[in-house]
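Novice: Need a 3D model of the sequence below.
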Amino acid sequence: MYQPINAVVIMGVAGCGKSAVGRALELRCGARLIEGDAFHPDRNIQKMSTGQPLTDKDRAGWLRALEKQLRQAYAAGEHSILTCSALKRSYREGLRQAMPGLGFAYLQLSPEAAAERMARRRGHFMPASLLDSQFADLEPPLDEPLTLVLDAAQSVDSLARTIHQWWQQHAPA
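Specialist: This is a model prediction of the structure:
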């Protein structure tokens, strides 16, 4: 059954390439990029910076802020791309309730590959030591509607191209 997609969430664990793919997709299709990390409150950034994993309670306000961004973009008639780990199904369900026609592009990556990428990453508040907690929280969206599962080991350009083609196939009428 055809379901239109009004916005796409690029999701996955830290180091999977959400931001890079989101920027490439933004350039490819002209949608508004909402960088999820930019909406973390200072206390969450401080907590992660010191190697403490976030809890559901910590993430609740952040997710509400992202829902608000999606609603505002939709109300303004903008197509949007959100980069957000969206690790748990309950988080994704909250985002889906806030935004009609929300698609998810899951960048699937092994713990080893994520750790290797995190070791090379500079200037980000989240240390590689938190990867285990990310994988522990991850509930892969393998059986959820409007979800595209991709191998994050592919090139950024290839991932952005695939997501863009999928989005075009589900473009609103």
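Novice: Quick check: closest non-adjacent residue to residue 6.
Specialist: Spatial nearest neighbour of residue 6, excluding adjacent residues (Cβ to Cβ, 6 or more residues apart in numbering): residue 101 at 3.8 Å. Bear in mind the C-beta positions are built from the backbone N, C-alpha and C, glycine included.
Novice: nope, residue 31 is what I was after
Specialist: Nearest one to residue 31, counting by Cβ to Cβ, 6+ apart, is residue 79 at 4.1 Å.
Novice: re the thing from before, just list the residues touching the residue nearest to residue 6, thanks.
Specialist: By Cβ atoms under 8 Å, 6 or more residues apart in numbering, residue 101 lies in contact with 3, 4, 5, 6, 7, 146, 170, 172.
Novice: Can you spell out which helices and strands pack onto the lowest-mean-pLDDT helix or strand in the chain?
Specialist: Every helix and strand in the chain was compared by mean pLDDT, DSSP states H and E; the lowest is helix 111-120, with a mean of 81. Secondary-structure packing of helix 111-120 (3 or more Cβ pairs under 8 Å, 6 or more residues apart in numbering; DSSP states H and E): helix 131-137.
Novice: Show me what counts as buried in the helix it packs on.
Specialist: 131, 133, 134, 135, 137 (16 or more other Cβ atoms under 10 Å).
Novice: swap in stretch 36-46?
Specialist: Buried residues in stretch 36-46, counted by 16+ other Cβ under 10 Å: 36, 37, 39, 40, 44.
Novice: distance between the strand ranked longest in the chain and the chain's centre?
Specialist: Ordering each strand of the chain by length in residues (DSSP state E) puts strand 102-108 first. Chain-centre distance of strand 102-108: 7 Å, with Cα atoms, centre = their mean, to the nearest Å.
Novice: and the residue nearest to residue 31, what is it in contact with?
Specialist: Residue 79 neighbours (Cβ under 8 Å, 6+ apart): 6, 7, 29, 30, 31, 32, 73.
Novice: Swap in 10 Å and give it another go.
Specialist: By Cβ atoms under 10 Å, 6 or more residues apart in numbering, the contact list for residue 79 reads 5, 6, 7, 8, 29, 30, 31, 32, 73, 167, 171, 172.
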